[in-house]
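**Student:** Give me a model of this one.
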Amino acid sequence: MSDFLDAWNNESAENAKLTAQESLILEVTEDIWRILEEKNMNKAELAQAMQKSKAHITQLLNGSRNMTLRTLSDICFALGVKPSFSIADDEAEWDVDETVVSFNPRTSTEHKYKMTENVIYPSSCWGKAA
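**Tutor:** Reported below is the predicted structural model:
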């Protein structure tokens, strides 16, 4: 984080809570965007698979509509993927131990991940599905 955001985050418990909320929303929506890209799908196709409007999907993926766990499950079902979830101790060590590269031969795309003791998180940037 930038110095400004670090200072703001440490200013109050409410700011830290808001940062945690937004970080989780970002992480989940980035994973959905990644799966959409890997499956060569766009928001309209996801909306059709879920029998929802494209506007509804847009609101979910930009964070303006609250995504429940049921909705997340429905999105994963429509994408043909299984969601997974983990909770780490707030004091968990986040030093990066190694970089993992995943290659998808179907789409000829390569994704880079950083791996810590028990967490793998994306380090490459993905384009957004239209």
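**Student:** mind listing the strands for this protein?
**Tutor:** If DSSP state E is used as the criterion, the strands of the chain fall at 98-104, 109-115, 120-122.
**Student:** Determine which of those shows the lowest mean per-residue pLDDT.
**Tutor:** Among the strands of the chain, strand 98-104 has the lowest mean pLDDT, at a mean of 50.
**Student:** tally of neighbours for Ile32?
**Tutor:** 22 (other CB atoms under 10 Å). To be clear about C-beta, it is placed using only N, CA and C from the backbone, and glycine gets the same treatment.
**Student:** Settle this for me: it is touching Asp74, isn't it.
**Tutor:** No: counting by CB atoms under 8 Å, Ile32 stays clear of Asp74, with 11.5 Å between them.
**Student:** Tell me the residues that contact both of those two, please.
**Tutor:** Residues touching both Ile32 and Asp74 by CB atoms under 8 Å, 6 or more residues apart in numbering: none at all.
**Student:** Need the per-residue pLDDT for the nearest residue in space to Thr58 that is not next to it in sequence.
**Tutor:** Excluding the flanking residues, the one nearest Thr58 by CB to CB, 6 or more residues apart in numbering is Lys43, at 6.1 Å. Listed pLDDT for Lys43 reads 96.
**Student:** for Met1, same thing?
**Tutor:** Met1 is given a pLDDT of 54.
**Student:** how far away is Ala55 from Phe4?
**Tutor:** 33 Å (CB to CB, to the nearest Å).
**Student:** actually Arg65, not the one I typed
**Tutor:** On the measure of CB to CB, Arg65 and Phe4 end up 28 Å apart.
**Student:** which of those two has more neighbours?
**Tutor:** Remark: of Arg65 and Phe4, Arg65 carries more neighbours, 14 against 8, as counted by other CB under 10 Å.
**Student:** Which residue, neighbours along the chain excluded, lies closest to that one?
**Tutor:** Nearest residue to Arg65, sequence neighbours excluded (CB to CB, 6+ apart): Gln59, at 3.6 Å.
**Student:** count of residues packed around the residue lying closest to Gly63 once chain neighbours are set aside?
**Tutor:** Nearest non-adjacent residue to Gly63, counting by CB to CB, 6+ apart: Ile25, 4.8 Å away. If you count neighbours by other CB under 10 Å, Ile25 ends up with 16.
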